[in-house]
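A.B. asks: Model the following, please.
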Amino acid sequence: MQLLHRLACVALLLASQVAWCAPPSEHQEASALHREKRHASALGRFLNLAEEGDARAARIVVFMYDHARLLYRAEWEPHEEDLHRWRRQSQQQQRRTHDVRRASP
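C.D. replies: Residues are numbered from 1 along each chain as shown. The predicted structure is shown next:
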């Protein structure tokens, strides 16, 4: 039993070290760019993620486009069909999340 406990402790230690050393995710990098007020670069990263199917990134992209002039003083003009697709993508994810929350006890 002591050996099992020690192995579990070593496994947890190794897992925490791997997580600590792991490079930041693309989402984290995009968020960091946004915090640094490098909005166009952040938008580009979030766009790539949205194109890969990331609903969270799609929601951010829609927000950034919707508020481009007011918040970012930018004149970003997306294609309407792209904007529609990203809205749908983020809404579908929100519905799935809502359905899962309602279904869980």
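
A.B. asks: So what touches the helix or strand hosting A57?
C.D. replies: Using DSSP states H and E, A57 sits within helix 55-66. Contact with helix 55-66 is made by 27, 30, 39, 42-43, 46-47, 49-50, 71-72, 76, 78, 83, 86-87, 89-90, 92-94, as judged by Cβ atoms under 8 Å, 6 or more residues apart in numbering. (C-beta placed from N, C-alpha, C; glycine too.)

A.B. asks: For it, buried residues please.
C.D. replies: Buried residues in helix 55-66, counted by 16 or more other Cβ atoms under 10 Å: 55, 57-62, 64-65.

A.B. asks: need the contact list for R69.
C.D. replies: Applying Cβ under 8 Å, 6+ apart, the residues contacting R69 are E75.

A.B. asks: Tell me how far it lies from H39.
C.D. replies: For R69, the distance to H39 (Cβ to Cβ, to the nearest Å) stands at 12 Å.

A.B. asks: pLDDT weak spots in this protein?
C.D. replies: For the chain, applying pLDDT under 70 flags the ranges 1-23, 96-105.

A.B. asks: Mind jotting down where the helices sit in it?
C.D. replies: Along the chain, counting by DSSP state H, helices occupy 2-21, 26-35, 39-51, 55-66, 80-103.

A.B. asks: For the shortest one, list every residue counted as buried.
C.D. replies: Counting neighbours by 16+ other Cβ under 10 Å, one finds that the buried residues in helix 26-35 are 30-31, 33-34.
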